[in-house]
Structures are given as C-alpha cells and as structure tokens.
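Novice: Sharing a sequence plus its predicted fold:
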Amino acid sequence: MKKWHIILISIIALVIVFISLYISGLNSIVRKYEAVNASWAEIDNQLKRRNDLIPNLVNTVKGYAAHEQEILDNLANARAKLGNATSKEDKIVANNEFEGALSRLLVIVENYPNLKANENFQGLMDELSGTENRIAVARMRYNEQVRVYNTYIKEVIGSFFASRKGLNTPFPYFEVSETDKAVQNVQF
C-alpha cells in the first residue's frame, strides 16, 4: 500500500510539473509578443512626434524656398501617407518614403544659408534631430524584440506554444530603405 502512495504522489508531482511548464511556456510567448507590441508603440509615438513637427518646419522653409514647392508637396504627401498608414508594414513603407522626402528637404536647406541661421528653423531642426535619434533607438529596440520573438516562434518549443496561442506569425523588421542607405551628397 505504501508503494502505491509513493507512485501516486510521484505521478501527481509530474503532472503538476508538466502543467506548470505548459503554463510557463504559454506565458512566455505572450510576454514576447507584448514586448514587440510595446516596442512598436514607442516607434509609433516617435513617428507621431516627428509628424507633428514637420508642418512647422515646412512653413519656416516656405518663406525662404518658395520655388521648391514640389519637394514641399512631396514631403506633405509622404507625411499624409505616414499618418494614414494602419499596419506595421504600411507604416514602415510610408516612413521610408517620408525619410526620403525629408532628406530632399534637407538638401534644399543647404542651399539657403540664411534659413540655417533662422532661430525658428534651428530650433525645429534641433527638435527634429532629437526625434530622429529617438526613432533610431526605438527602431533598434523594436528590431531586437522582433528578433527574439521571431527566433522563439521558429524554435521547436517556441513554435509549439506559439501555435497554441495563435501567435505564430512573425513580425516584420523595421529596415532602412535602400535610398536611405545611400550616402547623401551635401555640397557647401
């Protein structure tokens, strides 16, 4: 009789261990999924901040570079696309287009030395520069969380738990577009 008690207690202990491991695995995939979403929310926050700065920057530039209307229009259109993008993939594509338009605006700035000396413009550029740095840091953190998550859902144990929670779709990386990778030619 004592032997059966030991066997029964051992079986119950094993069941408890397996249930605990199962619950821990499910919780782990949820934590990784939420970490990616939190990282994306920070990117979204910084993109909104930059999006809010651009109209002030464009209005300041307009006074100096009225004949550069096409570039200013492209920037406004890219900003609108970024503001209307809903999915992560759409926001990444719209952001890359926006960054291209913004870099063309900065080339205009190089041609107007008085504009660079303008106090309002300089303040906006400082804010924009800080925001761009924040976006870069947020992008790096997001990509790291995506790497951790995407790796986990491709591993044997991770894919098991990911499929149980329906979280087995990989997230896209926030990569820099090919045009942004090119060296910008600035002439003085």
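Specialist: Looks like it arrived, so ask away. Numbers count the residues shown, from 1 in each chain.
Novice: so where do the strands sit in the protein?
Specialist: Taking DSSP state E, the chain contains no strands at all.
Novice: Would you map the helices across it?
Specialist: 2-64, 69-84, 88-110, 113-117, 119-154, 156-165, 178-181 (DSSP state H).
Novice: As TSV, the ones you listed with distance to Pro172, mean neighbour count and mean pLDDT would be great.
Specialist: C-beta: built from backbone N, CA, C; applies to glycine. TSV is the format used below for these (distance: least, C-beta to C-beta, whole Å; neighbours: other C-beta atoms under 10 Å; pLDDT from 0 to 100):
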stretch	distance to Pro172	mean neighbour count	mean pLDDT
helix 2-64	10	14	88
helix 69-84	16	16	80
helix 88-110	6	18	81
helix 113-117	37	12	67
helix 119-154	7	16	88
helix 156-165	16	15	93
helix 178-181	16	10	56
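Novice: Just the residues contacting stretch 90-100, thanks.
Specialist: Contact partners of stretch 90-100, identified using C-beta atoms under 8 Å, 6 or more residues apart in numbering, comprise 43-44, 47, 75, 78-79, 81-82, 84-85, 172, 174-177, 179-180.
Novice: Check stretch 120-133 too.
Specialist: Against stretch 120-133 from outside (C-beta under 8 Å, 6+ apart): Gln46, Arg49, Arg50, Leu53, Asn56, Leu57, Thr60, Val61, Val109, Leu115, Lys116.
Novice: Name the nearest residue to the third one, sequence neighbours excluded.
Specialist: Translated: Arg50. Closest residue to Arg50 apart from its sequence neighbours, by C-beta to C-beta, 6 or more residues apart in numbering: Thr131 at 4.6 Å.
Novice: Quick check: closest non-adjacent residue to Gly25.
Specialist: Phe161 is the one closest to Gly25 (C-beta to C-beta, 6+ apart), at 4.1 Å.
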